[in-house]
Structures are given as structure tokens and as C-alpha cells.
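> sequence unknown, structure follows:
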């Protein structure tokens, strides 16, 4: 096959080098043959060819790196816990049933009751008087002179007096703290000493 070869001088920076230019078709054919038979990789940059050998190790590294990146992009789901939640009974499930007798006094937050709608007697009753009155009533109950319910119906300033002082069943957090602590600390059938709250002075009977 005959063709003309023209030698020219090409500038490649500060160094002048002679390059033999061939028709573009022959350049392409030559590059394809090299790739097929010698497993060489040809990179084209403009009209110049830079040939480099394919490194199988580099391929494996790239593939491994790509796989690692894919794993990083996956959403990591937390492991499912097969353990069942242990059911616990809260203290609020504990209840007591109680009766009480309330005597109000000058320091009570509400100075009126069904026995004293105008609060005249309550406003004239000191704290010490209320406590003393309750202790006398408690002694009558303990001695068996009267039942707790009868005393409550006659003397308690609480509206529960019409039920013999029965407050029904209640759990923690329902009553004023000193009353709650006293009621829960009693044994069934036991009567407390005088318990003071913002409402006044009380004695409590735990029924259940």
C-alpha cells in the first residue's frame, strides 16, 4: 500500500520535535489493532493518542470502591428487637377506700361548709381548737361510744358527711399529698391521728 508521508515539525512547548503525520484513517486502524491484540487502552486527546496498558488490578480496586460507596448510600435500619416489653404496674393502679372527718379553721383555704355556710364559726376556730376537737372525736370512736360514720355525719365540714364521711376509692395523685400519704400508710380498719392539709384538719379511717 502506498501513501505519501509528510514530515513536519510540531511545537510541543519549549521543545521542538519532529512528528510524522499519517492520514486519520490509518491512525484509527492502528489503534484498534493494538487494543485487540495487545490489550492496550487508547486514549484520544484531540488529534494525539496516548496509549496506556489496562491494569486489571485497578479495575478490581475501582469495582470494590464503587461497591463500598453503594453500601454507604444504603439506609441502615436498626435491628429489630424481639424482646417484649415487660408490663409493670404503676403506683397509680394502687387504690384505697377511706372515710374522713374534716374540721375547718381560720387557716383553711375555704372558710365555709354545709354546717357553716357563712363561715362564721370556721373563722372563729383556731387551728389548735380544730385539732383538739378532732382528737376528742377520735377518742369517742376508738372507745366505741360512736361509730366513725355517725361522728362524720354530725361533725365533718366536708360534703361527704352525708355519706358518713365516705370518700370512695382513690389512687395516688388524687388527694392532697399529706392526706394521700396518711391514707396509704394506714392498715385496713385503722384510724389515723390528726392530718393537716390546706382544707383543714382531718382524721382518716381506711376501709379497704
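Noted; the coordinates are in hand. Because the structure is a prediction, the values reported are computed rather than measured.
> Distance of residue 108 relative to residue 196?
Residue 108 is 10 Å from residue 196, where distance means Cβ to Cβ, to the nearest Å. No exception for glycine: its C-beta is placed from N, CA and C like everyone else's.
> more neighbours, those two?
Shown here are residue 108 and residue 196; by other Cβ atoms under 10 Å, residue 108 has more neighbours (23 against 18).
> these two touch, right, the more buried one and residue 121?
No. Using Cβ atoms under 8 Å, residue 108 is not in contact with residue 121; the gap is 11.6 Å.
> now the helices: where do they sit in this structure?
Ranges of helices in the chain, per DSSP state H, are 24-38, 56-73, 120-124, 127-142, 148-155, 177-185.
> least reliable of those going by mean pLDDT?
The minimum mean pLDDT among those belongs to helix 56-73 (a mean of 41).
> Identify the single longest strand in this protein, thanks.
Secondary structure of the chain read by DSSP state E shows that its longest strand is strand 95-103.
> ok, now which ones touch the closest residue to residue 174 other than its chain neighbours?
With Cβ to Cβ, 6 or more residues apart in numbering as the criterion, residue 174 has its nearest non-adjacent residue at 7.3 Å, and that residue is residue 180. Going by Cβ atoms under 8 Å, 6 or more residues apart in numbering, residue 180 touches 172, 173, 174.
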